[in-house]
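*Asks:* Can you look at this prediction? I've put the sequence above it.
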Amino acid sequence: MLSILDRYFLRELAYGVIATAVVLLVIFAGGAFATVLQKVANGSIQPSVMFEVLGLQMVDLLSTLLPMSVFLGTLTALGRMYRESEMHVLASSGMGPRGLLRPVTLLAVIATIVVGLVSLWLGPLSARSADTIIATANKSVIAAGLDAGRFTELPGKGGIIFVDTLSRDGTVLGKTFIATDRVDSDNRPQVRVVNAKSGRMYQESDGVNRFLALYDGWQFEIPLGMDNWRRMKYERNDVSLSNISDDDDDSDPAHESTTSDLFRTPTAEGLGELVSRFAAPVSTLVLMMMVLPMSRQAPRDARYGRLLIAVLAYFLYVIWQLIARTQIIKSNLHTSVPIWLLHIIVFGVAAWFFWRQNSPRQVKGTA
């Protein structure tokens, strides 16, 4: 059963964490939105699924955002309570270190469980779902910019297309009309007109090039300024649409794999990804331990002095993890022991500082 003080601490800490999470979410969302817009511009993501992909990417970023939010939010809340002398009043009323440890530990356990679920399951699931949505959208003529019942510019081909009906998923077309500008073998401009009773959209096996397969129609080649028109009846005629740009540098198969798959297929990339996933919840516990000694300050101390030191310590802690993970991926390290030693050392140093701050001080005797 939680005491009144425990509920008060949890409420104040929760307010600080939520406020910090909202601010960080806006910052992270701005960066993610710029990245998605860049991919829309180069054609690797269709505009129709832009916000859906953005939302899934934000879910994937929660494993990074939540530990930082819990750390900074708790630090801000406890720092305010120290500056306003609340902690000193409670200490003089008999509240010892355990009175502060109980609510902070409870919050740390809840945050660790949530971060663990996001890091080990929800984040990779969101990354896979985003790739599936992008792949499905790229197979649809709706995502390619076409719509039933109106003339539309042919994507990237300098022509127009008209379809009277489209299937719900945008892959099957009804009656189709296409007119494109082209140059013949003699470098003379001409217009190619194609009609069909039906069609469908498909992609090559590499998923890059998109085509319209048109069935049972006529193709007309009309040289401009000349009367030697050509007419051809066909059973099937394939028309190329705009290609799909893909950023190979952004692909990360290990990150999209499930945690169980990473255990079954041990590789350098898989080990680095596993270390990163398990490090997120462990880092949350370590950061909450770091908060306890760093938040303590006198009422007249600088408002953001401890905060700047804490942010610097946080980035040093995260950077060392990233360096170790990179060395594992590059096969320079074949074990994750250095990362776990880092967690243990930082946790131990923070616990020692907290014990030293709250240990009884001996009063020196007078001569």
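*Replies:* Structure received. Numbers count the residues shown, from 1 in each chain.

*Asks:* what about the nearest residue to residue 113 once chain neighbours are set aside, how many neighbours?
*Replies:* The shortest distance from residue 113 to any non-neighbouring residue, by C-beta to C-beta, 6 or more residues apart in numbering, is to residue 281 (7.6 Å). Using the backbone N, CA and C atoms, a C-beta is placed for each residue, glycine as well. Residues within reach of residue 281, counting by other C-beta atoms under 10 Å, total 22.

*Asks:* part of a strand, is residue 201?
*Replies:* Yes - under DSSP: H, G, I helix; E, B strand; the rest coil, residue 201 sits within a strand.

*Asks:* what bridges to it?
*Replies:* As for beta bridges, residue 201 partners with residue 212 under DSSP bridges.

*Asks:* circling back to that earlier point, what helix or strand is the residue nearest to residue 113 located in?
*Replies:* Following DSSP states H and E, the helix or strand that holds residue 281 is helix 268-294.

*Asks:* Can you tell me what sits against the helix or strand just after that helix?
*Replies:* Next helix or strand after helix 268-294 toward the C-terminus (DSSP H and E): helix 305-329. Contacts to helix 305-329, defined as C-beta atoms under 8 Å, 6 or more residues apart in numbering, come from residues 68, 71-72, 75-76, 79, 268-269, 271-272, 275-276, 279, 283, 286-287, 290-291, 294-295, 297, 333-334, 336, 338-339, 342, 346.

*Asks:* got any ranges where the stretch 1-150 of the chain has weak pLDDT?
*Replies:* Applying pLDDT under 70 to the stretch 1-150 of the chain flags the ranges 1, 42-43, 96-97, 138-146.

*Asks:* which residues of it fall in helices?
*Replies:* 4-41, 50-60, 62-83, 86-92, 97-117, 123-138 (DSSP state H, counting those that start in this stretch).

*Asks:* These into JSON lines, with extra columns for mean neighbour count?
*Replies:* Output for the helices of the stretch 1-150 of the chain, formatted as JSON lines (neighbours: other C-beta atoms under 10 Å):
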{"stretch": "helix 4-41", "mean neighbour count": "15"}
{"stretch": "helix 50-60", "mean neighbour count": "18"}
{"stretch": "helix 62-83", "mean neighbour count": "22"}
{"stretch": "helix 86-92", "mean neighbour count": "14"}
{"stretch": "helix 97-117", "mean neighbour count": "17"}
{"stretch": "helix 123-138", "mean neighbour count": "18"}
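
*Asks:* so who does the residue nearest to residue 113 touch?
*Replies:* Contact analysis of residue 281 by C-beta under 8 Å, 6+ apart lists 112, 113, 115, 116, 119.

*Asks:* could these go into CSV alongside distance to residue 169?
*Replies:* Output for those, formatted as CSV (distance: C-beta to C-beta, whole Å):
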residue, distance to residue 169
112, 41
113, 38
115, 37
116, 36
119, 33
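
*Asks:* bridging residues for residue 231?
*Replies:* For residue 231, the residues forming beta bridges with it (DSSP bridges) are residue 220.
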